[in-house]
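Participant: Sequence first, then the predicted structure, then my questions.
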Amino acid sequence: DSLALLNGKGTMTNGNELNRSNTNQNGATCSDGNGGTYLDDESIEQITVTAGDIVSGSPVPSGDFIVEGGRAYVTVKVWCWETGASDTADIYLTNDASSPDWQPLASIACPGGGSQTIVQAFD
């Protein structure tokens, strides 16, 4: 769980991201840039990865570790711009954090504007 580590985006107005740059490319500049205003323009607020089942549309942790061949849920709290129609959350996976080879898993459209929670299951 990223907790509040991702709040904000780069050095955007009223929303400096304390742990920038959170990119999937070591040493790279975030391609989202620094423009905009916090909680008006797009930002990722929290990412949580859990093992378990879905109950009533929400992940319910099983208390187990995520294992190869098991089900994992990625929950992403985002702030989507205006109606959210132009925003997507892209989810990637790598098998080696020290030498990542990022593979795209999903690209999920924002379900609306403002604060949104996106949940995606992976088997």
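Facilitator: Perfect, I can see it now. Numbers count the residues shown, from 1 in each chain.
Participant: As a check, name the ranges of all helices in this structure.
Facilitator: Using DSSP state H, the chain contains no helices.
Participant: Which stretches in it count as strands?
Facilitator: Using DSSP state E, the strands found in the chain span residues 43-55, 58-61, 72-80, 88-93, 103-109, 114-122.
Participant: What strands line up against the third one, and which way round?
Facilitator: Right, the one you point to is strand 72-80. strand 43-55 (antiparallel), strand 114-122 (antiparallel) (DSSP bridges).
Participant: what sits up against it?
Facilitator: Contacts of strand 72-80 from elsewhere in the structure, counted by C-beta atoms under 8 Å, 6 or more residues apart in numbering, are 39, 41-52, 54, 59, 66, 87, 89, 91, 108, 110, 112-122. Placement of C-beta: from N, CA and C, glycine included.
Participant: What score does the residue nearest to residue 46 when sequence neighbours are not counted have for pLDDT?
Facilitator: Sequence neighbours aside, residue 77 is the residue nearest to residue 46 in space, at 4.1 Å (criterion: C-beta to C-beta, 6 or more residues apart in numbering). Residue 77 is assigned 94 on the pLDDT scale.
Participant: For residue 77, give the beta-bridge partners.
Facilitator: Bridge pairing for residue 77 - DSSP bridges - gives residue 46, residue 117.
Participant: how many other residues sit next to residue 50?
Facilitator: 19 (other C-beta atoms under 10 Å).
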